[in-house]
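K.L.:
sharing a model that was predicted from the sequence below.
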Amino acid sequence: MSNLSLLKNFPSSFIFGTATSSYQIEGNKYGGCGKSIWDEFAQRKLDGIDGLNACNHYEYFEEDIKLIKNLGFKAYRFSFSWPRLFPENNHNFNKEGVDFYQRLLNKILEHDLEPFPTLYHWDLPIRFSDIEGWENSDTCKHFADFSYFVSHQFGDLFEKIATINEPWCVSWLSHYLGEHAPGKKSLESAVSTMHNILLAHGMAIEALNSNRSHQVGIVLNNQYAESFDQKRENLNATKLFDSIHNRWFSDAIFKGAYPEIALSVLEKYLPKNYNHDLKIISNPIDWIGLNYYTRSIVKFDESENGINYKTQRGSLKKTDMDWEYYPEGLSYFIKRIHKEYNDQIPIYVTENGMANDDKLSSNGEVNDENRIEFFNLHLKEILNCLNEGFPVKGYFAWSLLDNYEWAFGYSKRFGLVYVDFDSFKRIPKKSYYEFSKHLL
Ligand code: FCB
C-alpha cells in the first residue's frame with residue numbers, strides 16, 4: 001500500500017497546492033455568466049452535457065477554500081472566466097462576476113493561501129466564434145484588454161499569474177484533432193491557433209505589466225514522446241510529434257523561434273509576419289508552469305498533410321482515462337526546461353493527477369489507493385529533481401474536486417474530493433486525508 005510519507009522530505013519553502021478551472025467547477029448558470037464555446041460544443045457534440053452546474057463552486061466556494069486549507073496546502077490555482085466577467089460584449093463587465101472573484105480572492109487570502117490565477121483556461125466567450133475565435137489575431141487584442149482589466153480589478157490581490165493554460169490543447173486538440181471546443185479538424189486552423197494563442201500570451205504579458213508589475217508565467221502541457229522502436233522512421237516520427245506537441249510552444253516562448261522540424265510541415269500555414277510576432281511571444285516570463293500526465297508511443301504513419309505519425313498506448317499501468325503512468329516523464333521535462341531552455345526559471349508543476357473509477361462506499365468513504373500511488377510516484381520524481389538542485393518550486397494536484405472533465409463530461413473523477421453532482425455534497429477521499437496527514 002502506498003502512502004505519502006515522502007512529503008516530509010520536501011523543503012518547507014516548497015509550495016503544495018491544488019488546481020481547478022472556471023468552466024470545470026463554477027457552474028455557468030449562476031451569477032450572470034455568459035455562454036462560452038464549451039456550452040455550444042456541449043450542445044453540438046456532447047449530448048448537451050455541459051458545465052451549467054458543474055460543482056456549483058460559485059455558491060460553494062467558501063467550503064472549497066476551507067477544504068484546501070484543511071489539506072495543509074499553501075496555494076490555490078484557479079482560472080478567471082472571461083464569459084463570467086464579460087458575458088455580453090467586450091466593454092460592459094458583469095458586476096456579479098467581479099464581486100465573485102473579489103470574494104474568492106479575499107477568501108483565499110484570508111486562509112493564508114497563495115492565489116495562482118490563470119487568465120485563460122479554455123472558456124472563450126461564444127461571441128468570438130463570429131470572428132473564428134483564436135484563428136483570428138483580433139482575439140489576441142481582446143485578450144490583452146481582458147488581461148489588463150483583470151490586473152486593474154484584482155491585481156493587488158495576487159503576485160503570480162499565468163496567461164494561458166495548455167496552448168497545445170487550445171490549438172492542436174481543439175482545431176486539428178477536433179476533440180475539444182470548437183471541435184475543428186483542420187491543419188490550417190490548428191496552425192493559426194498555435195501561433196495566435198502564443199501571441200495572445202505575449203500581448204497579455206505587456207498588458208498586465210502596463211498596469212502593475214506581476215510575476216507572469218504560462219502553463220504548458222508536455223507529453224513524453226517514446227518511439228515505438230529504434231527504426232529511423234519511428235525515431236523521426238517521434239521527433240516530429242515532440243516538436244509539434246511540446247517544443248513548438250517552449251521554443252517560441254524561450255527562444256523566440258519555432259522548431260525547424262515542425263516548421264517543415266506547418267510553416268505554410270503561418271501568417272507572413274510570424275517572425276515579428278515571435279518577438280512578442282518571447283517576452284520574458286518570470287516562471288513556467290508544467291502540466292504533466294502521461295506519455296505517448298509514437299510510430300511512423302504516412303499522411304498527405306505531412307503529419308506522419310500516429311500514437312498508441314503502451315503496456316504500463318493505466319488511469320481511468322486510459323493514460324499510462326509514466327512518472328519518469330515528469331522529471332525528464334523538469335530537467336529539459338532547466339538545461340535546454342532557461343536555467344534560471346522557477347518551475348511549478350501546475351497540474352498532475354489521475355482519473356480513478358472512484359466509488360462512494362456505503363459508509364461514506366472513498367478509497368482511492370490508486371491515486372495515492374500515482375501521487376507518490378510523481379512526487380518521488382520531483383524530490384529527486386530537488387535533490388539534484390533543479391529549481392522546482394511547487395506542485396499542484398489536479399484537482400481539488402471531481403468536476404466537468406471536458407469531452408468526458410462528469411464520467412471521469414480527478415478530485416481529491418468526491419462530488420455528488422446532484423446534491424453538490426463534497427466528500428474528501430482517502431488521498432485527501434493522506435496529504436493532510438503529512439502536511440498539517
Ligand atoms: C488538463 C487540463 C485540465 C484537466 C486535466 C485532466 O489538460 O488542463 O483542465 O482537464 O487535463
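P.N.:
Perfect, I can see it now. Note that this is a predicted model, so its numbers are computed, not measured.

K.L.:
L440: how many residues sit nearby?
P.N.:
Applying other Cβ atoms under 10 Å, we find 10 residues neighbouring L440. All C-beta atoms are positioned from the backbone trio N, CA, C, and that covers glycine.

K.L.:
same question, K279
P.N.:
10.

K.L.:
hang on, it packs against G256?
P.N.:
Yes - using Cβ atoms under 8 Å, K279 and G256 qualify as a contacting pair, with a distance of 6.3 Å.

K.L.:
please name the nearest non-neighbouring residue to S210.
P.N.:
Counting by Cβ to Cβ, 6 or more residues apart in numbering, S210 lies nearest to Y148, which is 6.7 Å off, once chain neighbours are set aside.

K.L.:
tell me the mean pLDDT for the helix or strand hosting that neighbour?
P.N.:
In the assignment (DSSP states H and E), Y148 maps to helix 138-154. When pLDDT is averaged along helix 138-154, the result is 98.

K.L.:
what packs against it?
P.N.:
Counting contacts by 3 or more Cβ pairs under 8 Å, 6 or more residues apart in numbering; DSSP states H and E, helix 138-154 packs against helix 82-85, helix 95-110, strand 114-120, strand 160-165, helix 187-211.

K.L.:
so what's the residue count around N236?
P.N.:
Neighbour tally, N236, other Cβ under 10 Å: 16.

K.L.:
so which residues make contact with stretch 308-325?
P.N.:
If you take Cβ atoms under 8 Å, 6 or more residues apart in numbering as the criterion, stretch 308-325 is touched by 226, 228, 237-238, 240-241, 293-302, 326, 354-357, 370, 374, 377, 408, 412-413.

K.L.:
now those residues: which count as buried?
P.N.:
Buried members of these, scored by 16 or more other Cβ atoms under 10 Å, are 226, 228, 237-238, 240-241, 293-300, 326, 354-356, 370, 374, 377, 412-413.

K.L.:
which of those fall within helices?
P.N.:
With DSSP state H as the criterion, helices contain 237-238, 240-241, 370, 374, 377 from among the buried ones among the contacts of stretch 308-325.

K.L.:
and stretch 254-272, how far apart are its ends?
P.N.:
For stretch 254-272, the separation between the terminal residues is 21 Å (Cα to Cα, to the nearest Å).

K.L.:
and the most centrally placed residue in the chain, what does it touch?
P.N.:
With distances taken as Cα atoms, centre = their mean, the chain has N165 as the residue nearest its mean C-alpha position (4.2 Å). Counting by Cβ under 8 Å, 6+ apart, N165 touches 21, 79, 118, 120-122, 219, 291.

K.L.:
ignoring the adjacent residues along the chain, who's closest to it?
P.N.:
Using Cβ to Cβ, 6+ apart and skipping residues adjacent in sequence, the residue nearest N165 is H121, 4.2 Å away.

K.L.:
in this structure the one you found contacts Y23, no?
P.N.:
Yes - using Cβ under 8 Å, H121 makes contact with Y23 at a distance of 7.0 Å.

K.L.:
neighbour count winner among the two?
P.N.:
Between H121 and Y23, counted using other Cβ under 10 Å, the more crowded position is Y23 (29 against 25).

K.L.:
looking at it, that one is touching T118, isn't it?
P.N.:
No - contact criterion Cβ under 8 Å: Y23 and T118 do not qualify, at 11.7 Å.

K.L.:
list the contacts of whichever residue of the stretch 1-150 of the chain sits closest to the ligand.
P.N.:
Using Cβ to the nearest ligand atom, the closest approach of the stretch 1-150 of the chain to the ligand is made by S21 at 5.0 Å. The contact partners of S21, by Cβ under 8 Å, 6+ apart, come to 78-79, 118, 121-123, 165.

K.L.:
do the same with D156
P.N.:
Counting by Cβ under 8 Å, 6+ apart, D156 has contacts R212.

K.L.:
and it, that one's in a helix?
P.N.:
Yes - the assignment for D156 by DSSP: H, G, I helix; E, B strand; the rest coil puts it in a helix.

K.L.:
and it, how far from E96?
P.N.:
Relative to E96, D156 is positioned 21 Å away (Cβ to Cβ, to the nearest Å).

K.L.:
then F16?
P.N.:
Spatial separation of F16 from E96 under the definition Cβ to Cβ is 32 Å.

K.L.:
looking at the two now, which is surrounded by more residues?
P.N.:
For the pair F16 and E96, the greater number of neighbours falls to F16 (19 against 15), based on other Cβ under 10 Å.

K.L.:
return the distance of the more buried one relative to F86.
P.N.:
Separation of F16 from F86 (Cβ to Cβ): 33 Å.

K.L.:
next one: stretch 416-424 to chain centre, how far?
P.N.:
From the chain centre to the centre of stretch 416-424 is a distance of 22 Å (Cα atoms, centre = their mean, to the nearest Å).

K.L.:
is the ligand contacted by it?
P.N.:
No - for stretch 416-424, no contact with the ligand is found by Cβ under 6 Å from any ligand atom; the gap never falls below 13.4 Å.

K.L.:
and that stretch, how far apart are its ends?
P.N.:
Start-to-end, stretch 416-424 (Cα to Cα) is 15 Å.

K.L.:
go through it and flag the buried ones.
P.N.:
Buried, per 16+ other Cβ under 10 Å, within stretch 416-424: 416-419, 424.

K.L.:
near the ligand, which residues of this structure?
P.N.:
21, 24, 165-166, 169, 221, 291, 351, 398, 405-406, 414.

K.L.:
repeat that with 8 Å
P.N.:
For the chain, the residues in contact with the ligand (Cβ under 8 Å from any ligand atom) are 19, 21, 24, 121-122, 165-166, 169, 219, 221, 291, 293, 321, 351, 353, 355, 398-399, 405-406, 412, 414.
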